[in-house]
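Novice: 3D model of this:
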Amino acid sequence: MFVRQLHYLVAVAREQHFGRAAEACHVTQPTLSAGLRKLEEELGYPLVVRGHRFMGLTEHGARVLAWAQRIINDYDGMRQELAGSEAGLTGILRLGCVPPMLPALSGLLTAFCERHPLVRVQALSMSALAIQRGLDDQVLDAGVSYLTGTQPPKLHWLPFYEERYMFVRAAGGDDLPARISWAEAARSPLCLLTPDMQNRQIIDEALATAGAVSVPRIEANTFFGVWSMVCSGAWASIVPHTHIATFGRMAGVCAIPLIDPDWRRPVGLVTPDRDPLAPVAAAFRKLAARWSWNGEDAAS
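Specialist: Purely as a prediction, here's the structure:
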């Protein structure tokens with residue numbers, strides 16, 4: 001019952017609404033409210049600021065929330081380990097992934113699901129900062145992100161591959177070059193991601209290194225929007241090389257490797273540096289450590 005009450009607290013903090021929290025926990029609102037009051041009685045502190053609606057957590061409530069998420073994850077991990085020792089691994093793998101890398105994960109996720117048919121996967125498109133926060137707050141089991149700078153404390157890095165970049169445009173017209181410089185690409189009518197996206201920041205850094213500045217006529221905050229503009233035939237773009245196997249073979253689109261400079265960024269799996277790791281995260285990391293990324297190098 002105590003763990004269930006902690007679930008109630010986490011749900012209320014996440015939903016910011018008693019009714020939605022009750023629905024997420026599959027209980028009635030009176031049941032949820034009674035559970036929260038019982039938790040407050042057991043701990044001896046008010047945790048929720050009450051009014052006609054949810055008004056936030058108290059100072060003690062915010063401190064308990066961090067512990068609640070940790071206890072819930074440990075409890076779920078224990079249940080997964082016990083269940084996995086008898087009938088195979090069960091549960092949910094909550095995976096955050098920066099948007100450019102989602103196409104590269106299809107093979108790995110498929111292999112993981114084949115090996116663990118009772119596990120469900122939630123692959124969430126998130127920024128690198130949101131992934132780190134999700135791991136810190138224990139709402140994610142693992143993340144796939146850029147491995148740049150110094151490895152943060154309490155996190156484990158597993159390198160996957162180096163992201164390279166391709167110039168994509170409509171096919172046809174002049175003979176296509178085998179390679180194209182970043183400076184040449186900058187002179188094309190470009191559609192790029194918006195400046196708040198980390199992949200766009202990497203592209204801007206590469207252009208600056210090449211002594212070029214690009215002011216794209218069109219910006220989109222999703223790769224779906226970028227590829228839609230490229231497929232229209234009027235616009236070019238710069239995308240990760242792993243996108244080519246998924247999108248770059250569409251009729252009428254060509255992809256050319258970018259050079260001068262040969263810009264690369266390491267990509268990998270990020271998991272909490274803790275022991276024991278959640279069983280689903282441990283199983284995913286074990287498979288990822290053996291996974292060959294050669295098949296993703298479609299543009300090599």
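Novice: Only C-alpha atoms from now on, for both contacts and neighbour counts.
Specialist: Noted.
Novice: what about this protein, any weak spots by pLDDT?
Specialist: Regions of the chain meeting the criterion pLDDT under 70 cover residues 1, 80-87, 173-174, 248-249, 294-300.
Novice: what ranges do the helices span in it?
Specialist: 2-15, 18-25, 29-43, 59-87, 106-115, 128-136, 182-186, 198-209, 223-231, 279-290 (DSSP state H).
Novice: Just the CA trace of the shortest one, in CSV.
Specialist: Written as CSV, here are the backbone C-alpha positions of helix 182-186 (Å, rounded to 0.1, in the frame of the first residue of the first chain):
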residue,chain,number,x,y,z
TRP,A,182,30.0,22.8,-46.2
ALA,A,183,30.7,26.2,-47.8
GLU,A,184,29.1,25.0,-51.1
ALA,A,185,26.1,23.6,-49.2
ALA,A,186,25.6,26.9,-47.5
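Novice: Now do it: distance to the chain's middle.
Specialist: Put simply, helix 182-186 sits 29 Å off its chain's centre (CA atoms, centre = their mean, to the nearest Å).
Novice: How about that helix, which residues are buried there?
Specialist: By 16 or more other CA atoms under 10 Å, the buried positions in helix 182-186 come out as 182-183, 185-186.
Novice: same for it, what does it pack against?
Specialist: Applying 3 or more CA pairs under 8 Å, 6 or more residues apart in numbering; DSSP states H and E, we find helix 182-186 packed against helix 198-209.
Novice: buried sites along the helix it packs on?
Specialist: Applying 16+ other CA under 10 Å to helix 198-209 flags 198-200, 203-204, 206-207 as buried.
Novice: which strands and helices sit next to it?
Specialist: helix 182-186, strand 191-193.
Novice: show me what contacts G134?
Specialist: L140 (CA atoms under 8 Å, 6 or more residues apart in numbering).
Novice: again, but for M166
Specialist: Going by CA under 8 Å, 6+ apart, M166 touches 238-241, 255-258, 299.
Novice: mind putting those residues in TSV, neighbour count included?
Specialist: Shown next, in TSV, are the contacts of M166 (neighbours: other CA atoms under 10 Å):
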residue	neighbour count
I238	25
V239	25
P240	22
H241	27
A255	25
I256	20
P257	21
L258	23
A299	17
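Novice: Return the subset of these lying in strands.
Specialist: Those of the contacts of M166 mapping onto strands are 238-240, 255-258, per DSSP state E.
Novice: Could I get the residues you listed in JSON lines, plus columns for distance to L6?
Specialist: Shown next, in JSON lines, are the ones in strands among the contacts of M166 (distance: CA to CA, whole Å):
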{"residue": "I238", "distance to L6": "46"}
{"residue": "V239", "distance to L6": "43"}
{"residue": "P240", "distance to L6": "41"}
{"residue": "A255", "distance to L6": "51"}
{"residue": "I256", "distance to L6": "53"}
{"residue": "P257", "distance to L6": "51"}
{"residue": "L258", "distance to L6": "51"}
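Novice: who does the residue most central in space within the chain bridge with?
Specialist: When CA atoms, centre = their mean is applied to the chain, the residue found nearest the centroid is C97 (1.9 Å). Note on C97: beta-bridge partners by DSSP bridges are S125, V144.
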